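J.: here is a sequence with its predicted model. Questions after.
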Amino acid sequence: MTNRLLSKFIRYVLLFVIGVALTGCGTYTSIRKHPDFANKSRVINTVAVLPPVVEYVHLVFDGDNERMASKEASIASTLQEAIPSSFKAYGYKISKTNLNEKITNDPDLGYELEQIRKAYVTASSELYGKGMVDEKESAGFKVAIGPIVNQFADLADADALVMVRYYGFTKSDGLMTKQVIGNVLFAGLTGTYYQPARRGGAIEVALIDGNNGDVLWSNVTSVAFDGSSAIASRVLIPLPRNQTNESLDTHEKRVDLKVKDCEKALPENFNQTYYRVGKTLYDARAFASAKCCFEKSTELDEDAADKHDAYFHLGMMYELGQGIKSDNEAAKQLYAKAGLLEEQNSHEKID
Amino acid sequence: MGDVWIFKGYMQYFVMDGYLNRFKSNRLALIAAVLFFVVNIVGCTPQATRPDSSGDMPQLPSEDEVKLISESERASAEIKRKGLLFNDSDLVSYVRQVGARVAPNETGNLKLQFFVIRDPMVNAFAFPSGHIYVTIGLLARLQNEAQLAFILGHEVAHVVRQHSLEARQNRKIQVVAAHVVDLLLFGTSLAYLPFSASISSYSRSQEDEADEVGFAAAAKAGYEVTAVLQTFDVMNETKDVNALRGSIFADHPTNDSRQRNMRELVEDKEIVLKADAETGEDRYSQIKTGLTQKNIELKLRERQYELTIDAADLALSHYPEDSALYYYRGEARRLMGADPKGAAREHSWLYGKSFDDELISEFETKRSTNFADATEDFNKALSLDPKFALAHRGLGLIAHAQDNPGDAITLLETYLATGNSIRDGRYIRSLLKGIQNDK
């Protein structure tokens, strides 16, 4: 019993670090797909993003932890923009209904949303009870939250709903010190030492069928980059492009016509930053042009957030080999520049 | 502790096989606690305590007090935002009247406010800000006004005696205990529990004090003490109370000893008995009529199948001709058949069994029995009320689950034809489309 529980615990730690650990284990994945995803996703045009669930906690030494309300609100609003925009980039239409407003005006809707969220917690425990799974297994998850989704799907006139959950934390100095000692104890038991991270968290996104509540696709990933729109890109990278609204080719051509190469993507032309242009290209899978824009962003963009997000995307491109040969060392350095690996050695094993 | 927080966030994925499967995770919680807290217990820093205010200096609220109040306010807002307040004005004003009878006349700056929560679990809790909550599940379970008065008096006592503040200061020293409680409560179906656990968890002696004060207040307000004492019997007979950690009535032996303590107060004549004491049962049964169905409906929505059946059985013994009660019981049985995993999860939670494949397969083998019982209930509902549309839905879904497309189509179309009030038309239509395509 104890072993099993302990191994579960270790698995959680593993998943927690996997996003930035760059251990190169490409066969394991946090993605979950409905067995009939290919067919079902074909009839999904419009999606509605439910108001995200955001928990952000400041962890302190005496255990009197505090929810950080303003941080939660700012992350929620970032996500509320970034998630739909990522879905849009993947070829989905976004429902125009303002669900937030409707819920604020109608407590019964708030209750219905709560029911959906609760049902999703149960679904999620089924989806992720096993932790990371082999890539072959990832398409075998038939989990549903039931027809309670109908009301929101009708309200938003959407074919599918998107559930977003975010958990984040920061730690006080005192707590950091204590945890180093705690983890040494843990290392004594398991032979593996993890340097605790000062801040971090996780994001989970799920695409849910508006007819019967089947979870069609979901993914969870760790984040150390709280509040940035880049986390939406990160968790949605593996989302297959929607083929219904526009074929990939047309989409890429359209973007390529607009921006032939990086040189022509001067921000002046678009009244945007290099990062923004790069992101459009990246979402369109025009990786070579995107890479060029991101590189320019790191040199020329004025906003630090843009620079960070550009480094982050470059890191992802190296990690996942998007348009370039996969290179974990380069990715690691780029993530560090993105502020992602704040604790430089955060995931290195000490043998 | 940070890692424990991460546990909280992640336990859905990695620690728990289901949110109701809390018991298994006890051990995990323990291991985690031991692992990560060993260091923390040793050498805890001295606690900041409230400075002695002496002389005529005005007493300012301590940092802890301020924090506690702001936490309560946030929790109250969240309860409201999540649509958890039940806004039936008759019911709420009734609860407020009873509350006013047991509240002290003078509460200083503190304003006591009573609310009803849309939750089928049997529970009550209070925030230091003066907000006191009772659940629909509790109201539907109690027998009379005297019992409600006692519970409200108990919660009022926690508030006016500032138990949360005391508990908070003690809890800071007992970090480990507090976190284990957190762990157990996170991932329950109760959206408010994480708050109520951190803001309103009390020590045994505080509970005893609140019992005493609440009991005295109820007696003084003219309620029958025998009826009040029976509150504990009612709680001991309630399955879900025992399964709900954090509930003030969760523990049998404690309930018994609490009842004994209170009885002694009567024997020692420390409680003044009024000659014209009442139970208020008549008034209570009036408000309870509407609640019974609401409570059952909420239980069903929470996928508490067994508890729905129990509640429907209990209600049917009073109203044997109620078509809706047959429908709810039938729907719970249908869902047990359709969702053996969910049924097993509930069972493991209720009886503290481990949620494993064996338990699931136990429910899988009962599938056809459950469907047969459900069919009987749906038919009974239709015989009492031929227009009961949801019963057609239930029968249609059973026909579909048992590969009988012909009947499924007829029944589900009958259901759809009944009109606009259908909430899941989209699901039923997509199902019909699928059945027709398969044919």
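T.: Structure's in. What do you need? Only a predicted model underlies this, so the values are computations on that prediction, with no experimental measurement involved.
J.: middle-most residue in chain B, spatially?
T.: B:Met121 (2.1 Å; C-alpha atoms, centre = their mean).
J.: now do that one against B:Arg141, distance only.
T.: 10 Å (C-beta to C-beta, to the nearest Å). To be clear about C-beta, it is placed using only N, CA and C from the backbone, and glycine gets the same treatment.
J.: about what we covered before: I'd say the residue nearest to the centre of chain B and B:Thr135 touch.
T.: Yes. Assessed by C-beta atoms under 8 Å, B:Met121 is found in contact with B:Thr135 at 5.8 Å.
J.: so which bits of stretch B:275-289 are buried?
T.: By 16 or more other C-beta atoms under 10 Å in any protein chain shown, the buried positions in stretch B:275-289 come out as B:277-281, B:284, B:287-288.
J.: one more: stretch B:353-362?
T.: Under 16+ other C-beta under 10 Å, the buried positions of stretch B:353-362 are B:353, B:355, B:359-360.
J.: residue boundaries of the strands in chain A?
T.: For chain A, the strands defined by DSSP state E occupy A:28-29, A:32-33, A:46-49, A:53-59, A:66-67, A:93-94, A:133-134, A:160-171, A:199-209, A:215-223.
J.: okay, now the unreliable bits of the chain?
T.: Picking chain A for this. A:1-27, A:61-64, A:177-197, A:224-229, A:243-271, A:339-351 (pLDDT under 70).
J.: actually chain B
T.: Ranges of chain B meeting pLDDT under 70: B:1-61, B:164-201, B:240-252, B:420.
J.: ok so, going back, any chance of TSV for the buried residues of stretch B:353-362, columns secondary structure?
T.: What follows is the buried residues of stretch B:353-362, written out as TSV (DSSP: H, G, I helix; E, B strand; the rest coil):
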residue	secondary structure
B:Lys353	coil
B:Phe355	coil
B:Leu359	helix
B:Ile360	helix
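J.: mind listing what B:Val156 touches?
T.: B:Val156 makes contacts with B:99, B:102-104, B:112, B:126, B:132, B:213-214, B:217, as judged by C-beta atoms under 8 Å, 6 or more residues apart in numbering or on different chains.
J.: if we use 7 Å, what do you get?
T.: If you count contacts by C-beta atoms under 7 Å, 6 or more residues apart in numbering or on different chains, B:Val156 has them with B:102-103, B:112, B:132, B:214.
J.: which parts of the stretch 201-350 of chain B sit against chain A?
T.: For the stretch 201-350 of chain B, the contact set with chain A under C-beta under 7 Å from any C-beta of the partner chain comprises B:Arg301.
J.: quick one: the helices in the stretch 201-350 of chain B?
T.: Assigned by DSSP state H, counting those that start in this stretch, the stretch 201-350 of chain B shows helices spanning B:204-220, B:225-229, B:231-236, B:239-243, B:252-267, B:281-301, B:305-318, B:323-338, B:340-351.
J.: may I see the buried residues of the fifth one?
T.: Put plainly, it is helix B:252-267. B:255, B:258-259, B:262-263, B:265-266.
J.: same question, stretch A:121-138
T.: Quick answer for stretch A:121-138 (16+ other C-beta under 10 Å): A:121-133, A:138.
J.: which one among the residues you listed gets closest to B:Arg429?
T.: Ranked by distance to B:Arg429 (C-beta to C-beta), those are led by A:Ala123 at 22.8 Å.
J.: specify the beta-bridge partners of residue 133.
T.: Unless you meant another one, I'm taking chain A. For A:Val133, the residues forming beta bridges with it (DSSP bridges) are A:Thr29.
J.: nope, chain B please
T.: Assigned bridge partners for B:Tyr133, using DSSP bridges, are B:Phe115, B:Phe125.
J.: show the contacting residues for A:Met316.
T.: A:Met316 touches A:234, A:237, counting by C-beta under 7 Å, 6+ apart.
J.: still on that earlier bit, now, which of the buried residues of stretch B:275-289 sits nearest chain A?
T.: Taking C-beta to the nearest C-beta as the measure, chain A sits nearest to B:Ile287 out of the buried residues of stretch B:275-289, at 20.9 Å.
J.: how much space separates the closest one from B:Val116?
T.: B:Ile287 is 10 Å from B:Val116, by C-beta to C-beta.
J.: repeat that for A:Arg42.
T.: 46 Å.
J.: ok, which stretches of the stretch 51-200 of chain B are helices?
T.: B:63-81, B:89-102, B:136-141, B:145-160, B:163-173, B:175-185, B:193-199.
J.: which strands and helices sit next to the second one?
T.: Yep, that's helix B:89-102 we're talking about. Judged by 3 or more C-beta pairs under 7 Å, 6 or more residues apart in numbering or on different chains; DSSP states H and E, helix B:89-102 is in contact with strand B:113-117, helix B:145-160, helix B:204-220.
J.: neighbours of A:Pro240, just the number please.
T.: 12 (other C-beta atoms under 10 Å in any protein chain shown).
J.: contacts only, for it.
T.: A:Ser41.
J.: ok, now with 8 Å
T.: A:37, A:41, A:90, A:217.
J.: distance from stretch B:407-427 to the middle of the chain?
T.: Its chain's C-alpha centre and that of stretch B:407-427 lie 32 Å apart, by C-alpha atoms, centre = their mean, to the nearest Å.
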